[in-house]
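[1] give me a model of this one.
(chains A and B)
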Amino acid sequence: MPANGDLDPLEAFRNQVKEALEAALEAIGIDEEPVVLEKPPQGMGDLAFPCFQLARRLRRNPVDIAEAVASKIAAQGMIDSVKAKGGYVNLNVNSESLARAAISQALSAKDRFGAGSAKGVRVLLEHTSVNPTGPIHIGRARNPIIGDTLARIMRKAGYDVVTEFYVNDVGRQVATMTWGAKNLTINEKPERDKGDHRYVPFYREAHRRCDEEPEVLEEVDALLYKLEHGDSEAVGMNRRISETVLEGMMESLHQINIRIDGFTWESRLVEDGSVDKVISKLKLSDFCRESEGAHHLELESFGITGRDTRWVFTRSDGTSLYTTRDLAYHLDKFTRSDVAINVLGEDQKLGMQQLAAALEIIGSDRKPETVFYAFVSLPEGRMSTRKGTVVSLDDLIDEAIERAYEEVRKRRTDLTEKRMKEIARIVGLGALRYNIARIQAEKQIVFKWEEALNFEGSSAPFLQYAHARACSILRKSGSRLREDSAEICSRKLVNHHERELIKLVAALPSVVGECADTRRVHALAAYGQDLAGQFNQFYRYVPVLKAEGDTRDARLALVEASKWALRNTLDCLGLEAPEEM
RNA sequence: GGGCGCGUGGCCUAGCUGGAUAUGGCACUUGCCUCCUAAGCAAGCAGUCAAGGGUUCGAAUCCCUUCGCGCCCGCCA
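    Modelled structure (predicted):
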């Protein structure tokens, strides 16, 4: 039994099935066969044990084996029935005990329903970490959404999660921006009056001047050198500007319900000497080479391939590079966590491979885990700051709320303006997050407004609507849930719609645990859709308020349990659960 | 030149530790509001799972080749 077995009704069933299968296999003389279970297609049961592997090993017909195994399993506990079919042993869960377990847990755990027990594992989850030079655009917006959703899911599953943003305030890009802010006079107004947009015109112009005027480039280099050698004036100014930009970016993230627990400033790692320490260690390595004053590691033997297998970690003037500092950062992270996870764009894959090799070379036994995501592009191609084809997260947020407001107005005439605006915000921002979270991270996304702000079908409003419907029933019921809710549910909820809904509600803890362990956010979005869809069917076919006696009370309890399952799923996805819409 | 990832009905997508008729959604056609909010429900239409070969009793899933798309191979971050 896993630590949280008592909290997970489906897990309990799975364990009973495993035990029963092991005993049955032993009874027909088969030892040490790993029991692998799968989910059969609709209508064939709840769990299946395929006998084909076994058939090959024993040189026996899988159909016969399945029948022999099935005949040795008795219906008991949560196992309701066992049938052999075409080489599979299909098992059905006992609806009464599942209802009892799931309903009682959902009703008592409430907003904790779905949670796994504390694992005592410290997770440091780094996400977003974009350069503080300008606003976040949607090409990168997957990062905070995937990162925050994963953090929420892992927290729910019982990990101790701290999210962190690594602020790159040392490199050339930031130095370029700071140089621009200090030396240029620009009348062009930024797109928005917001910290992250403020220095964009300066940054853009400074960049252009660097390309065209060598002496500007030299000045930026000089500033970079000062920054890395602790010149207090340069460091102070750079820090102020970075902070302003960072604050603007955080405002945007707060709007989509994302808050980051901690920040590590890259400059700190330079100041406190940890970068120098890493550099000294690297220089002692057998893989280190020097060329014209710059140092690099020769990583060919670490499976790094391509035109260049060198990994440079100091420039000729002795200053460090981004990845060198990132190496120091990872060593720091390891002291504060048991598991370090990075959410990164797929362009960082080689960099992470090199980092892993460098970690090995300096004798670290730890490596970060990485969730890579592919970039979001526009129908006309890649987003480009220079071509001016970027869509900022701020634009997306505004558009989402605006479109949602139109939808609310179409449907509701009875609400106050304030209430409509509030619902529009919840629904619009939900749609935005859901549409990013629902897609497997490694798949490319071509951004289209009508998809990103979809309000029906596979979308946040679909889930939120089911939740609002549940709330509406509960609000109108005028009665309190009974103490013996779980018991009457197990007796009275007998029709197909009720039972299928219970199965999905019962699955929440397993789904959360699975998503957390595999670090896959999109699977929870898919579960949410199934759950909401099943609730909507129930809503359509099973009257609650018009039912009578125990049946009414049992159905009300199921609505309440469903409400918690929906709400907690929404919460893990970072979406708000409106009580009306 | 090399490496990594992706390629599933007109469009988006799940499944990818090999297994029973390939999951949902959008769009389209057709029903359902005197009934707990129709942002919903039901039915229909629609698939050579990029192509070819191989392994296997069995391949969307594993292996090889090819094609297409993305990303990377900086003393940038």
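
[2] tell me how many other residues crowd the residue of the stretch 451-581 of chain A at minimum distance from RNA strand B.
    Evaluated by Cβ to the nearest atom of the strand, the stretch 451-581 of chain A has A:Gly457 as its residue closest to RNA strand B, separated by 2.3 Å. The way it works is simple: take the backbone N, C-alpha and C, and place the C-beta from them, glycine included. Residues near A:Gly457, counting by other Cβ atoms under 10 Å, number 9.

[3] so which strand or helix has it?
    Taking DSSP states H and E as the definition, one finds A:Gly457 inside no helix or strand.

[4] mind checking pLDDT for it?
    Per-residue pLDDT puts A:Gly457 at 92.

[5] and it, its phi and psi?
    Backbone torsions of A:Gly457, given as degrees, to the nearest 10, read phi 70, psi -130.

[6] for stretch A:363-378, what is the average pLDDT?
    Mean pLDDT, computed over stretch A:363-378, is 95.

[7] hmm, it touching RNA strand B?
    Yes: applying Cβ under 7 Å from any atom of the strand, one finds stretch A:363-378 touching RNA strand B at A:Ala374, A:Phe375, A:Ser377.

[8] quick one: contacts for the closest residue to the first one other than its chain neighbours?
    Looking back up the chat, that one is A:Ala374. Leaving aside its sequence neighbours, A:Ala374 sits nearest to A:Gln444 (Cβ to Cβ, 6 or more residues apart in numbering; 4.4 Å). Contacts for A:Gln444 (Cβ atoms under 8 Å, 6 or more residues apart in numbering) come out as A:Ala374, A:Phe375, A:Val376, A:Ser377.

[9] from what I can see the second one touches A:Ile138, true?
    So that's A:Phe375. No: contact criterion Cβ atoms under 8 Å: A:Phe375 and A:Ile138 do not qualify, at 9.5 Å.

[10] quick one: which of the two has more around it?
    Neighbours per residue (other Cβ under 10 Å) separate A:Phe375 from A:Ile138, with A:Ile138 holding more: 22 against 16.

[11] please report the distance of that one from A:Ser384.
    Between A:Ile138 and A:Ser384 the computed distance is 13 Å (Cβ to Cβ, to the nearest Å).

[12] swap in A:Val162?
    34 Å.

[13] who has more neighbours, the two?
    Set side by side, A:Val162 and A:Ser384 show more neighbours around A:Val162, with 18 against 11, by other Cβ under 10 Å.

[14] hmm, back to that, what sits in contact with each of A:Ile138 and A:Ser384?
    Contacts common to A:Ile138 and A:Ser384, judged by Cβ under 8 Å, 6+ apart, are A:Val390.

[15] follow-up on the earlier one: how near is the residue nearest to A:Ala374 to A:Asn342?
    Remark: distance between A:Gln444 and A:Asn342 (Cβ to Cβ) = 20 Å.

[16] and if you look at A:Ile28?
    Distance, A:Ile28 to A:Asn342, by Cβ to Cβ: 49 Å.

[17] ok, these two, which is more surrounded?
    For A:Ile28 versus A:Asn342, neighbours defined as other Cβ under 10 Å are more numerous around A:Asn342 (23 against 12).

[18] is it true that that one touches A:Thr370?
    Yes: look at A:Asn342 against A:Thr370 with Cβ under 8 Å: they come within range, at 4.8 Å.

[19] who touches both of these two?
    Joint contacts of A:Asn342 and A:Thr370 (Cβ under 8 Å, 6+ apart) are A:Met352.

[20] how about the helix or strand bottoming out on mean pLDDT in chain A: buried residues?
    Using mean pLDDT, DSSP states H and E, the weakest-scoring helix or strand in chain A turns out to be helix A:52-58, at a mean of 84. Judged by neighbour count (16 or more other Cβ atoms under 10 Å), helix A:52-58 contains these buried residues: A:Leu54, A:Ala55, A:Leu58.

[21] want to throw the residues you listed into JSON lines with distance to A:Glu487?
    Formatted as JSON lines, the buried residues of helix A:52-58 follow (distance: Cβ to Cβ, whole Å):
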{"residue": "A:Leu54", "distance to A:Glu487": "40"}
{"residue": "A:Ala55", "distance to A:Glu487": "43"}
{"residue": "A:Leu58", "distance to A:Glu487": "45"}
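
[22] which residue packs closest to A:Ala561, ignoring adjacent ones?
    A:Ala106 (3.7 Å).

[23] tell me the backbone dihedrals of the residue nearest the centre of chain A, please.
    Centroid check for chain A by Cα atoms, centre = their mean gives A:Leu150 as the closest residue, at 2.8 Å. Note on A:Leu150: its backbone torsions stand at phi -60, psi -40 [degrees, to the nearest 10].

[24] A:Phe372 belongs to a strand?
    Yes: checked against DSSP: H, G, I helix; E, B strand; the rest coil, A:Phe372 lies within a strand.

[25] how about it, what does it touch?
    A:Leu344, A:Gly345, A:Glu346, A:Gln348, A:Lys349, A:Ala441, A:Glu442.

[26] measure it to A:Ala516 for me?
    For A:Phe372, the distance to A:Ala516 - Cβ to Cβ - is 18 Å.

[27] contact residues of the stretch 201-350 of chain A facing RNA strand B?
    Counting by Cβ under 7 Å from any atom of the strand, the stretch 201-350 of chain A sits next to RNA strand B at A:224, A:266, A:291-294, A:305-308, A:310, A:312, A:315-317, A:321-323, A:345-350.

[28] quick one: which of those residues sit in helices?
    Judged by DSSP state H, helices contain the following of these: A:Leu224, A:Glu266, A:Tyr322, A:Thr323, A:Lys349, A:Leu350.

[29] pull up the gap between the first one and A:Glu451, please.
    Read it as A:Leu224. Plainly put, A:Leu224 is 42 Å away from A:Glu451 if you go by Cβ to Cβ.

[30] more crowded one of the two?
    More crowded of A:Leu224 and A:Glu451, by other Cβ under 10 Å: A:Leu224, with 23 against 12.
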